[in-house]
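A.B. asks: The sequence and its predicted three-dimensional model are supplied below.
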Amino acid sequence: MKKQRCTALHVYGSPYSEFEVRDCIFRPSDNFCKHVLPPRHNLTTFSFNSVTLLSSVFEPWTIAALRNSNISALRLDVSSNDCRFVEIVSQTLPNLRELEICLLVAPDKTLRMAKLLARLSALETLRMSSVLVDLSARQAIPLPIPQLSQLTTVAASIPYINYLLNLGAPRALPALTDLEISASLSSTSKPSVSPLGRLAAVFEGLERHRLAPRITLALTCTDSQTPLDWACKAFDHVLGDEWTRWASTVRVLSISVRAKRPGPRHPHLNINQPYLVLLRHRLKIFSALAEVRFEDGCKYGHRDEPLRRLAEADALAVVMGASPRVDRIVVNSRVVQLGSRTLCSS
């Protein structure tokens, strides 16, 4: 942090050494921690886990790091019941422009997360994991309403996007230009139990507020189960069918696998089959896709290069067969089709 050229800091674990932590814990009266607080620095991007850096030992360091900076982008991993980050972030970074909140949070954090956003009126980019769980149809939604007039980019789950669009100001998200709608698919997926979980409600909200952002539908598959059509059934359960009248407004479809995989050398002929079946049968819904992304979640080593190329070729063939006019196809973060050019070989 002392280097003038350091503008981004990603903290994994503790900012103190093992011996400094021991002194902070066993000799608190010595105010040892005050001697290792960060000086004024040039950070503009900061990411950390609230469990570690907002603990009683490290909180002074974190607050000083936030205050002694020009941070405009913050990534926050939330995985505990301690919600002091709401007060600390909103007080130290009231003009924050980019916020990414990672990992799932418990339902009791919903109110606190909404409170945080209501205090960050200068936000331009917001990326959130599923922080708003699917509520019971009978349950009230007493959430504070954030006024996010400068927000141009939102990536969030269906319930949270609906919250922003349907419960916000009469002119919700007036600056919105990019919207990523995320949903999780598993072999046990069920239809939504509340209006907030309806994908159709997202498009209805966009129409009501006269918004036409570039839309990405990002689906995460969290299972690798059989039968092969489980992903298609989960797609239908989670998304429903009311929204398909707006399918032509979706420009990017992204499918990522976040399931325990047996590895590319597994004796099964093609461990990607359930996801390729999903692409083959549901891509036809989207008539105006510009880009399709597919991440199979496999860890390919150097010796697995032929298998990686084969996986790319299989995905390319499925996508081109179901949506031949798509401009860009990305498989495992590699562009394999760009316009009329095929960039991968099996």
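C.D. replies: That came through fine.
A.B. asks: Next up, phi/psi of residue 298, please.
C.D. replies: Here is the backbone geometry of residue 298 (degrees, to the nearest 10): phi -80, psi 150.
A.B. asks: now do residue 75
C.D. replies: As for residue 75, its main-chain torsions (degrees, to the nearest 10) stand at phi -110, psi 130.
A.B. asks: now residue 246
C.D. replies: Here residue 246 shows phi and psi, under degrees, to the nearest 10, equal to phi -100, psi 10.
A.B. asks: Equivalent analysis for residue 251, please.
C.D. replies: Per-residue torsions, residue 251: phi -100, psi -30 (degrees, to the nearest 10).
A.B. asks: Report how many residues lie close to the nearest residue to it once chain neighbours are set aside.
C.D. replies: Leaving aside its chain neighbours, residue 251 sits nearest to residue 290 (4.8 Å; criterion: CB to CB, 6 or more residues apart in numbering). Bear in mind the C-beta positions are built from the backbone N, C-alpha and C, glycine included. If you count neighbours by other CB atoms under 10 Å, residue 290 ends up with 14.
A.B. asks: show me what contacts residue 290?
C.D. replies: Shown in contact with residue 290 (CB atoms under 8 Å, 6 or more residues apart in numbering): 251, 252, 326, 327, 328.
A.B. asks: how does it look with 10 Å?
C.D. replies: Neighbour list for residue 290: 214, 250, 251, 252, 253, 325, 326, 327, 328 [criterion: CB atoms under 10 Å, 6 or more residues apart in numbering].
A.B. asks: Give the burial count for residue 161, as a bare number.
C.D. replies: Neighbours around residue 161, by other CB under 10 Å: 25.
A.B. asks: does it belong to a helix or a strand, and which?
C.D. replies: Take DSSP states H and E as the rule and residue 161 turns out to sit in helix 158-166.
A.B. asks: Can you name the element that comes right after that helix?
C.D. replies: Using DSSP H and E, the helix or strand that directly follows helix 158-166 along the chain is strand 178-185.
A.B. asks: in the next helix or strand after that next one, what's buried?
C.D. replies: Moving toward the C-terminus from strand 178-185, the next helix or strand (DSSP H and E) is helix 199-208. Neighbour counts using 16 or more other CB atoms under 10 Å place 199, 200, 201, 202, 203, 204, 205, 206 of helix 199-208 among the buried residues.
A.B. asks: How about stretch 233-253?
C.D. replies: In stretch 233-253, counting by 16+ other CB under 10 Å, buried: 234-235, 238-240, 243, 246-247, 249-253.
A.B. asks: Just the angle for the helix holding residue 161 relative to strand 178-185, thanks.
C.D. replies: Here the directions of helix 158-166 and strand 178-185 differ by 150 degrees (axes from the mean of the first three to the mean of the last three CA atoms, to 10 degrees).
A.B. asks: List the contacts of residue 208.
C.D. replies: Counting by CB under 10 Å, 6+ apart, residue 208 touches 165, 166, 170, 172.
A.B. asks: What subset of these is buried?
C.D. replies: Burial by neighbour count, 16+ other CB under 10 Å: within the contacts of residue 208 this picks out 165, 166, 172.
A.B. asks: was I right about the second one contacting residue 202?
C.D. replies: Yes. In this structure, residue 166 sits in contact with residue 202. The criterion is CB atoms under 10 Å, and the distance is 9.1 Å.
A.B. asks: Between those two, which contacts overlap?
C.D. replies: With CB under 10 Å, 6+ apart, residue 166 and residue 202 have common neighbours residue 196.
A.B. asks: how much space between residue 250 and residue 335?
C.D. replies: 20 Å (CB to CB, to the nearest Å).
A.B. asks: Okay, and residue 227 sits in which element?
C.D. replies: Here residue 227 is assigned to no helix or strand, by DSSP H and E.
A.B. asks: who's in contact with it?
C.D. replies: Residue 227 neighbours (CB under 10 Å, 6+ apart): 187, 233, 273, 274, 277.
A.B. asks: Just the buried residues out of those residues, in PyMOL syntax.
C.D. replies: Buried residues among the contacts of residue 227 (16+ other CB under 10 Å), as a PyMOL selection:
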select buried, resi 187+273+274+277
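A.B. asks: mind putting the contacts of residue 227 in CSV, secondary structure, pLDDT and distance to residue 87 included?
C.D. replies: What follows is those, written out as CSV (DSSP: H, G, I helix; E, B strand; the rest coil; pLDDT from 0 to 100; distance: CB to CB, whole Å):
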residue, secondary structure, pLDDT, distance to residue 87
187, coil, 88, 40
233, helix, 93, 43
273, helix, 87, 48
274, helix, 88, 44
277, helix, 93, 47
